[in-house]
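*Asks:* output the structure for:
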Amino acid sequence: MSYNNSYDLYNERCVMMDAIPFDEINARQLAKATEQIYLGIFKQELKPEYCEAIKVQDNPLQRAERLAMIIH
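*Replies:* Numbers count the residues shown, from 1 in each chain. Alright, predicted model coming up:
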């Protein structure tokens with residue numbers, strides 16, 4: 001059994017991206033590139049944290065209305 005030493009190959013082909021791609025099409029093109037292997041962030045989305053999203057959805061007034069419907 002033998003393994004090829006591929007460190008040299010990866011060191012030559014790996015490139016760090018300078019910036020995050022501006023759209024999804026450009027990010028996919030970089031990810032599919034075969035001549036170089038791009039490293040870095042391909043897509044970044046700013047979303048609220050999970051606990052913050054729950055606080056917005058869980059309104060006390062809605063909770064009271066649901067309890068009233070269950071009780072009656």
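*Asks:* low-scoring stretches of this structure, by residue?
*Replies:* Counting by pLDDT under 70, the chain contains low-confidence ranges at 1-2, 53-61, 72.
*Asks:* could you pull out the strands for it?
*Replies:* Using DSSP state E, the strands of the chain run over 14-16, 37-39.
*Asks:* buried ones in the last one?
*Replies:* Within strand 37-39, the residues that count as buried by 16 or more other C-beta atoms under 10 Å are Y38. C-beta here means a position set from N, CA and C on the backbone, and glycine is covered the same way.
*Asks:* go on, stretch 3-23?
*Replies:* Here stretch 3-23 shows P21 as buried, counting by 16+ other C-beta under 10 Å.
*Asks:* now the terminal residues of that stretch, how far apart.
*Replies:* 39 Å (C-alpha to C-alpha, to the nearest Å).
*Asks:* and that stretch, how far out from the chain's middle?
*Replies:* 20 Å (C-alpha atoms, centre = their mean, to the nearest Å).
*Asks:* can you list the strands of the chain in JSON lines and add distance to E24?
*Replies:* Below are the strands of the chain laid out as JSON lines (distance: least, C-beta to C-beta, whole Å):
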{"stretch": "strand 14-16", "distance to E24": "20"}
{"stretch": "strand 37-39", "distance to E24": "15"}
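*Asks:* so which of those gets nearest D23?
*Replies:* Nearest of the strands of the chain to D23, taken as C-beta to C-beta: strand 37-39 at 15.4 Å.
*Asks:* what are the pairing partners of the closest one, and which direction each?
*Replies:* Strand 37-39 has the following strand partners under DSSP bridges: strand 14-16 (parallel).
*Asks:* against K43, how distant is N26?
*Replies:* Counting by C-beta to C-beta, to the nearest Å, the gap from N26 to K43 is 10 Å.
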